[in-house]
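Sharing a model that was predicted from the sequence below.
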Amino acid sequence: MPIFDQLSRAAEERGLKFLVIGGHAVIAHGYARTTFDLDLLVERARSAAWEELLASLGYSVHARHETFIQFNAPSPQSWPVDLMLASAETFAGMWGEAGEARVESVAVRIPSLRHLLALKLHVLKQAPGHRAVKDLNDVVQLIEFNGLDVRAEEFRQLCLRYGNVSWYEKLVTTCG
């Protein structure tokens, strides 16, 4: 059974909500690219329940940080899973604006384009060099595919709130 089906069923049984973020959300928003893991946004307060759920599916903790938990896949054919931990307030806001997408033929919820861009900008703001290239490319492709106006005040404010002036200027130069 594909991981999205297993995960969705197990999460529903436990009353756990999640948003698919990362590469799968980027793909769902129109930019077809490869991805090698499964990134989920979950409520920080429910992280222990998520650890139990993933352990029941054969996953083991690889690394833990205050904002994320990375899990090793149970087999080479499975995707590793990364949980991004959000406050209840942040999660509720993103959940409320989330849309539905199909991944591996399973209906899942993904962040709105605005929230996905905010997540990517936040990573860029703090990104180590090796991550910045991939995340910047995701943002550029999402802007272009979705016809966003990088000079619009709403987009500038998004960049300034979740990224910084430098990243905003790079995006205007690249996409403007």
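Sure thing, it's come through. Quick caveat: nothing in here was measured; it's all calculated off a predicted structure. Numbering: from 1, shown residues only.

out of all of them, which helix in this protein is the longest?
helix 129-145 (DSSP state H).

where along this protein do the strands fall?
Listed in chain order, the strands found in the chain under DSSP state E are 19-21, 38-43, 60-64, 68-72, 81-86, 99-103, 106-110.

by how many degrees do the last one and strand 99-103 diverge?
In other words, strand 106-110. 140 degrees (axes from the mean of the first three to the mean of the last three C-alpha atoms, to 10 degrees).

what helices or strands is strand 106-110 leaning on?
Applying 3 or more C-beta pairs under 8 Å, 6 or more residues apart in numbering; DSSP states H and E, one finds that strand 106-110 contacts helix 3-14, strand 19-21, helix 22-28, strand 99-103. No exception for glycine: its C-beta is placed from N, CA and C like everyone else's.

Listing partners with orientation, what would you give for that strand?
Sheet pairing for strand 106-110, assigned by DSSP bridges, gives strand 99-103 (antiparallel).

Just the CA atoms of the strand it pairs with, as PDB, please.
Extracted as PDB, the C-alpha positions of strand 99-103 are listed here (Å, rounded to 0.1, in the frame of the first residue of the first chain):
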ATOM      1  CA  GLY A  99      -6.600  23.000  -0.800                       C
ATOM      2  CA  GLU A 100      -6.900  19.400  -1.800                       C
ATOM      3  CA  ALA A 101      -4.600  17.500  -4.200                       C
ATOM      4  CA  ARG A 102      -4.200  13.900  -5.200                       C
ATOM      5  CA  VAL A 103      -0.800  12.300  -4.600                       C
END
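
From D37, how far off is the most centrally placed residue in the chain?
Central residue check for the chain by C-alpha atoms, centre = their mean: the C-alpha nearest the mean position is that of I21, 2.1 Å away. Distance from I21 to D37, counting by C-beta to C-beta, to the nearest Å: 11 Å.

okay, the lowest-mean-pLDDT helix or strand in the chain in PDB with CA atoms only?
Taking mean pLDDT, DSSP states H and E as the measure, the helix or strand of the chain with the lowest value is helix 129-145, at a mean of 90. Taking Å, rounded to 0.1, in the frame of the first residue of the first chain, the C-alpha atoms of helix 129-145 are listed here in PDB:
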ATOM      1  CA  GLY A 129      23.700  27.100   1.000                       C
ATOM      2  CA  HIS A 130      22.900  23.600  -0.300                       C
ATOM      3  CA  ARG A 131      19.100  24.100   0.300                       C
ATOM      4  CA  ALA A 132      18.900  27.700  -1.000                       C
ATOM      5  CA  VAL A 133      19.300  26.700  -4.700                       C
ATOM      6  CA  LYS A 134      16.500  24.200  -4.600                       C
ATOM      7  CA  ASP A 135      14.100  26.300  -2.600                       C
ATOM      8  CA  LEU A 136      14.800  29.400  -4.700                       C
ATOM      9  CA  ASN A 137      14.200  27.500  -7.900                       C
ATOM     10  CA  ASP A 138      10.900  26.200  -6.400                       C
ATOM     11  CA  VAL A 139       9.800  29.800  -5.600                       C
ATOM     12  CA  VAL A 140      10.800  31.000  -9.100                       C
ATOM     13  CA  GLN A 141       9.000  28.200 -10.800                       C
ATOM     14  CA  LEU A 142       5.800  28.600  -8.600                       C
ATOM     15  CA  ILE A 143       5.800  32.300  -9.400                       C
ATOM     16  CA  GLU A 144       6.100  31.700 -13.100                       C
ATOM     17  CA  PHE A 145       3.700  28.800 -13.400                       C
END
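
Okay then, goodbye and thanks.
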